[in-house]
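[1] this is a predicted model, with the sequence first.
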Amino acid sequence: MALPALPLVQGTLDLLVLRTLAAGPRHGYGIASVVHDLTAGDLSIEDAALYQALHRLDRQGLVAAEWRPSENNRRARYYTLTPAGRRRLKEETAAWRRYSRAVEAVLEGR
Amino acid sequence: MREPHHERRLFWYLGRRRRTVEAEIDEELALHLDMRARELIERGLPPEEARREARRQFGDLEGTRRYCRQEDERKERRMQRWLVLDDVVQDLRMSLRGLRRAPLITAVVIATVGLGIGATTVAFAAIHATLLRPLPYAAPERLVRIYTDAPPNRFPFSVADYLALEAQQTRFERIAGYAGRTMSFSDGVVAERLRGRVVTATYFSLLGIRPMLGRDFTESDGRPGTGPAVIVSHGFWRQRLSARADVIGESIRLDGTPHTVVGVLPPGVGPLEQGQDFFVAAQWEPPRRKGPFFIGVLGRLRRLEDRAAAADELRLLNRRLFPVWQASYQDDKASWGMKDLKAHVVGDVETMSGLALASVALVWLIACANASNLLVARATSRRRELAVRAALGASRARVTRFLLAESSLLAFGSALVGIVLAFVGIGVLRRIGSGYVPRVEELGLGGAVWWCLGGLTAASTLLFGLVPSLQGSGTPVDETLRSLGRSSTASLAVRRLRRALVATQFAIATPLLVVAALLLASLHALGQVSLGFDTRNLLTASVELPRSQYAEPGRVAAFWDEMQRRVEALPGVTGVAFADGRPPEDVDNFNNFELEAFPTAAGHSQPVTPWISVTPEYFGLLGLRLVDGRLFDAHDGRGPNLESVIVDRAWARRFFPGGSAVGKRMHEGGCSTCPWVTVIGVVSEVKYAGLDKPDQGTVYTPMLARGAASPLEAATSRFRYVVVRTSADPLSRAPSVRQIVRDLDPTLPLSSVATLDDLVARSLQSPRSLSMLVGGFAAVALVLSIVGIYGVMAYYVQQHSKDISIRMALGGRAGDVLRLVLGQGLRVVAYGVAVGLVAALFLARLMASLLFEVSAHDGPTFLAVAMVLLGAAAAACFLPARRAIGLPPAVLLRSE
């Protein structure tokens, strides 16, 4: 942890959660771990914000929640991407790529 | 596949509600904190510190809980809404599937209730257009029609009456007069007779009609001596004046006289203007005698409250006027009266349309009762399904909703059928209904009619939906489930309900059948009426000679002479005569007269009969027998003291039942100073005033072919019906007759061409249509009631098959079983029929005016209807009874 973790750009949390769930159903803790591992700790995601995002996405119908036994046999709430969530993920990913390319282009000064 | 899925969702939904949203969030967050703490412990933190660190890393725990709860509850609420909607959709889908499995019931319900809804809507639309809606004139409630009231008749005004009323009345803002007038119009190529009116200059302003083009009539148009002015209808303007905007001021020839077009009416004016092509400004000279009476008078009251005062004033004015014309008018019992213009326009259709509406509404009711009955049967056979649903946690409301979904679907289907039928029916009525329904042009699917349609559909849903569902969900679940094995006891309530429904059906069907039977009997009686001569191979048509071109009596006579000569010469024509009226319901002149032998007492009306003017050939042509005296010869009708008439047998019997009418004298038309008119002969009778009217006698006056015309003849001789006896198909001669008229005068049209058989058929058309309509609906009602009793008895037999077979096995006789089943069924029917007969007594009395030679309480008809209903019901009960007897007992006992 040479550098302090970066605060999250507004709105990107939903995208990260959706992307994480694209690989398969996960519970909240699992999502937090995957994001942490993939970013090698570069992004600071508060657990509180993560759960708020999950319940918001659930209400919006982008993810579906279901109680299932977890890996160590406790009842856990697993989230799955709904078809609507999958569509949203595609759109958001494309939008993010355009955004970051544009920012990159400016920074490169090309 | 859908059903289990649906049930699972239902339980999931119920389960979820039990565990609160809050608990779930807490559980989820607690798990997270535990897992995080375990991870930290694995990295070497002591448990206590690990838990604290996990809480710290998590962030705002309380805020998150609040936020999540808020989100979840929002989702929950939406899901509940969706679930309810989803349930409804599921209900509908399942009902649709269920109905598809019972196509016969579905088809019967949809067709019959649809028929009921459609027909009731059409009848309502007709009544709405004619009776309920105000007339399409400005402030129509203040409009009245004024007439001379001489009970039982109502007469139009004469010019003398009208001018006196106009000069002296104070209670009316305006009065206007109008008289029918047909005129020939020729565009240079084709001549045709058009219907129009002669109206006073106040006519349009009184009704509040403004011409679309040009101007209204002014007072000067009505002054004698001014050039004749005409306002044409929108239809006339479009068809015959090619809708040109510059027609105002142009001259058109009506009856050969130039008339200046001063205005064009807007399209779609009121019922009084319907079918009229033109309106000519009346120019009435002060009269020298009281009659003739031909002016319809309209009045617009100054204030609505003036009604009684205005009626009083009319009576007063008439009394004041009476002495002035005493020399030419004696009926001092006659007075002036008025009635609402709407009542005048609508006329006596109230009974007829009321009857039509009642019969279709009854069919609708019976169709609903039938549907109810079928659905109760269906719900009964699905008791197990419904009970299982209830046991699985579906509430009573939920089961009711499911059953309502089915009836809503049926009602929806019925409504679709009903809308289509209403649409078609209203279209048909608009096209052909002008003979039956006044103001038919105002008929349409308007707002009120849509409301009626919607109301009928909703009421149908409730009527045949609520009854079975209340019954289906009423019994406690466990009781139903327990009783499934021995259904005969638990279904007592069902049986009662179904019997009540069937009794209701018969109670409704009975009056309908009685009314239909009375109408058919009446129609049959009308068909039996003899016109008094051989109607075959007779062609009639009319010709009217315009006064302007045929002012000369000699020219008139020459035209008729030549026409007679040429028509007689046609091949296939065996005789030609002229008359100014024609059977069975066309009289040009109803005349009053006073017999020398029986002077009319003061305060009494003089007798009135049809007066038909005929040429001498008329009697022989029709084949009327001479009963007494002699027929006309070439001298009759000429000279001051040789006024001779022929009467028919009905007339002779009415006034001189004891002796001969020949040689009796009278004064005609209320003219006591005119020469005596003498009866010279009596012929067999013919109906002129309608087949359904009592024959009050006819007087024939001579219509001269040439020479000096009598005063009466002068008024009528320009209009004549030609009557042609042919040796073959009479209509095939019509073109030749038309050609003859055209050859004689190219501007003259030949009008109202018809065979006498056609005329008779036409006069029966209205009663026939009504009989067919009511008869058709009565037949539907009968069939539905029979279906109802059959269903109930089939169910009864099925429920009692065990008892019956035990009885049979123990040596019971087939006759006893038959008697039992028939007795059960017929008792229900007898209740219904008894109630129905009482209802029929009331209904029939209301329609008495529509009957001809049949009493509204005709015993044999009532009896016959009751017998037919009981007989048909017995046949319907007999089938299930037979099946019951035929069942082998062993099989049945084993099956339980």
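    Sure, I can see it.
[2] now do the end-to-end distance for stretch B:545-564.
    Length of stretch B:545-564, first residue to last, CA to CA, to the nearest Å: 15 Å.
[3] residue B:538 and residue B:297: what is the separation?
    As judged by CB to CB, to the nearest Å, residue B:538 and residue B:297 stand 38 Å apart. (C-beta placed from N, C-alpha, C; glycine too.)
[4] what do you get for residue B:558?
    39 Å.
[5] more neighbours, those two?
    Comparing residue B:558 with residue B:297 by other CB atoms under 10 Å in any protein chain shown, the one with more neighbours is residue B:297, at 24 against 15.
[6] make sure that one is actually in contact with residue B:172.
    No. Assessed by CB atoms under 8 Å, residue B:297 is found out of contact with residue B:172, at 9.9 Å.
[7] find me the pLDDT at the closest residue in space to residue B:680 that isn't next to it in sequence, would you?
    Nearest residue to residue B:680, sequence neighbours excluded (CB to CB, 6 or more residues apart in numbering or on different chains): residue B:644, at 4.4 Å. With respect to pLDDT, residue B:644 has a value of 84.
[8] what's the answer for residue B:705, then?
    41.
[9] chain neighbours aside, what residue packs nearest to residue B:60?
    Nearest to residue B:60 is residue A:48, by CB to CB, 6+ apart, at 4.8 Å.
[10] for chain A, give me the ranges with low pLDDT.
    A:1-7, A:9-10, A:110 (pLDDT under 70).
[11] residue B:296 sits in which helix or strand?
    strand B:293-301 (DSSP states H and E).
[12] and that strand, which strands flank it?
    strand B:143-150 (antiparallel), strand B:157-158 (antiparallel), strand B:172-186 (antiparallel) (DSSP bridges).
[13] so what's residue 58 up against?
    I'll assume chain A. A:64-65, A:79, B:71-72, B:75 (CB atoms under 8 Å, 6 or more residues apart in numbering or on different chains).
[14] hmm, I had chain B in mind actually
    A:46-48, B:29, B:32-33, B:36, B:64.
[15] how much space between it and residue B:338?
    Distance from residue B:58 to residue B:338, by CB to CB: 94 Å.
[16] which residues of the stretch 51-200 of chain B lie near chain A?
    Proximity of the stretch 51-200 of chain B to chain A, by CB under 8 Å from any CB of the partner chain, involves residues B:57-61, B:63-64, B:67-68, B:71-72, B:74-75.
[17] so which of those residues is surrounded by the most neighbours?
    Going by other CB under 10 Å, residue B:68 tops those with 25 neighbours.
[18] I'd say that one and residue A:49 touch.
    No. Here residue B:68 does not reach residue A:49: they are 11.6 Å apart, not a contact under CB under 8 Å.
[19] quick one on the thing from earlier: helix or strand for the residue nearest to residue B:60, which one?
    Using DSSP H and E, residue A:48 falls in helix A:47-60.
[20] with residue A:79 instead?
    strand A:75-81.
[21] pairing partners for that strand, with directions?
    strand A:26-27 (antiparallel), strand A:63-69 (antiparallel).
[22] what's the local residue count around the residue of chain A found nearest chain B?
    Relative to chain B, the nearest point of chain A is residue A:48 (3.5 Å; CB to the nearest CB). Using other CB under 10 Å, residue A:48 has 20 neighbouring residues.
[23] likewise the one 5 residues further on?
    Neighbourhood size, residue A:53 [other CB under 10 Å]: 22.
[24] residue B:624 - that's part of a strand, no?
    No. Residue B:624 is assigned coil when assessed by DSSP: H, G, I helix; E, B strand; the rest coil, not a strand.
[25] list the contacts of it.
    Counting by CB under 8 Å, 6+ apart, residue B:624 has contacts B:532-533, B:618, B:648, B:683-684, B:686.
[26] ranking by neighbours, what's the top pick from those residues?
    Result: residue B:648 is most packed of the contacts of residue B:624 (other CB under 10 Å), 28 neighbours.
[27] tell me how far residue B:122 lies from chain A.
    49 Å (CB to the nearest CB, to the nearest Å).
[28] for the chain, longest helix please?
    Picking chain A for this. helix A:83-108 (DSSP state H).
[29] right idea, wrong chain: chain B
    Per DSSP H, chain B has its longest helix at helix B:61-101.
[30] which strands and helices sit next to the next helix or strand after that one?
    Per DSSP H and E, helix B:61-101 leads on to helix B:103-127 as the next helix or strand towards the C-terminus. Under the contact criterion of 3 or more CB pairs under 8 Å, 6 or more residues apart in numbering or on different chains; DSSP states H and E, helix B:103-127 touches helix B:61-101, helix B:349-381, helix B:396-432, helix B:447-474, helix B:765-799.
[31] repeat the analysis, applying 6 Å as the threshold.
    helix B:349-381, helix B:396-432, helix B:447-474 (3 or more CB pairs under 6 Å, 6 or more residues apart in numbering or on different chains; DSSP states H and E).
[32] which residue lies nearest the spatial centre of chain A?
    Nearest to the geometric centre of chain A sits residue A:17, at 1.8 Å (CA atoms, centre = their mean).
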